[in-house]
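**Q** need a 3D model of the sequence below.
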Amino acid sequence: NSNIRQRRYNYFYRKLKIARKFTALFKICPFIKTIALANLFGSYNLRDKSDIDFFVIATSGRIWLTRLYCAGLTKLLNKRPTDKIKQDRICLSFYISEDHLNLNDVKIDEFDPHFHFWIRNFFLLYNQDKTYQNFLKANIHSSLLDSAAIYKKKIFLDFLEKMAKAWQLMIMPPEITKALKNPECVIVNDQILKFHVHDNRREILKKYEVKINQFF
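**A** Numbering: from 1, shown residues only. Just a heads-up that it's a prediction; the model follows:
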């Protein structure tokens, strides 16, 4: 009803204010190309007790250093969500690299309704070199980008990237390593870091198919 929509509208702007403060800190990292709020289904539809989901696009070959910076910073500031406290905490559960903008391989089905709504409901907070526009072209218009920005590899940064990856894999929580067996939930590689341990897209797809069959 209208009262619920008004409350959630207020919740959204409170969380947006927090998100912008953290975006100002995150964009200091030279490897971040795009930052957006994710999982915004419906207009300004956020619950009071929910955390704040970020979607991050990193420079090619620097996804692990990017995650180390962002996750490490929120950990130091005690703003990571926990099982008991999620309200207004910073959830960094989805990173991709600039050389893997097309996410067709993440979809659970050729027609994944959750995926299409998810893509269209990002709230852009930071963008460099039209990376976000290229991301939308690669997914909404289903056109693979043949050319990604080419960055001169530096041996020292490559070494740090490998160290960041090895260390983060070593300390990864058990619930994430266990969920690796289900690639629909958790994806961990050098182009995509997706940590949705509880992925309900399959359930949404089934409900969607039931509704379609009822109407037609």
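**Q** every contact and neighbour count from this point should use C-alpha atoms.
**A** Noted.
**Q** low-confidence stretches in this structure?
**A** 1-9, 41-46, 141-154 (pLDDT under 70).
**Q** quick check: next helix or strand after the host helix or strand of residue 15?
**A** Under the criterion DSSP states H and E, the helix or strand holding residue 15 is helix 2-26. As assigned by DSSP H and E, the chain's next helix or strand after helix 2-26 is strand 32-37.
**Q** tally of neighbours for the nearest residue to residue 199 once chain neighbours are set aside?
**A** Nearest residue to residue 199, sequence neighbours excluded (CA to CA, 6 or more residues apart in numbering): residue 185, at 5.2 Å. Close neighbours of residue 185, defined as other CA atoms under 10 Å, add up to 19.
**Q** then residue 29?
**A** Residue 29: 14 surrounding residues under other CA under 10 Å.
**Q** what ranges do the helices span in this protein?
**A** With helices called from DSSP state H, the chain shows them at 2-26, 63-76, 113-120, 131-139, 155-170, 174-179, 201-215.
**Q** how about the ones you listed in CSV, adding distance to residue 49?
**A** What follows is the helices of the chain, written out as CSV (distance: least, CA to CA, whole Å):
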stretch, distance to residue 49
helix 2-26, 9
helix 63-76, 18
helix 113-120, 20
helix 131-139, 28
helix 155-170, 28
helix 174-179, 22
helix 201-215, 21
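**Q** out of those, which is closest to residue 195?
**A** Closest to residue 195 of the helices of the chain, according to CA to CA: helix 174-179, at 7.0 Å.
**Q** got the CA coordinates for the closest one in CSV?
**A** Taking C-alpha atoms only, helix 174-179 is exported to CSV below (Å, rounded to 0.1, in the frame of the first residue of the first chain):
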residue,chain,number,x,y,z
PRO,A,174,33.3,-22.0,4.7
GLU,A,175,29.8,-21.2,3.6
ILE,A,176,31.2,-19.7,0.4
THR,A,177,33.7,-22.5,-0.4
LYS,A,178,30.9,-25.0,0.2
ALA,A,179,28.6,-23.1,-2.2
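**Q** and the residue lying closest to residue 190 once chain neighbours are set aside, how many neighbours?
**A** Once flanking residues are discounted, residue 190 sits nearest to residue 63: 6.6 Å by CA to CA, 6+ apart. Around residue 63 there are 27 other residues, counting by other CA under 10 Å.
**Q** which ones are touching residue 63?
**A** Counting by CA atoms under 8 Å, 6 or more residues apart in numbering, residue 63 makes contact with 31, 95-97, 161, 190-192.
**Q** residue 29 too?
**A** 66, 69.
**Q** against residue 196, how distant is it?
**A** Residue 29 is 24 Å from residue 196, where distance means CA to CA, to the nearest Å.
**Q** could you do residue 205 as well?
**A** Residue 205 is 17 Å from residue 196, where distance means CA to CA.
**Q** same question for residue 17.
**A** Distance from residue 17 to residue 196, by CA to CA: 24 Å.
**Q** the more surrounded of those two?
**A** residue 196 (16 against 11).
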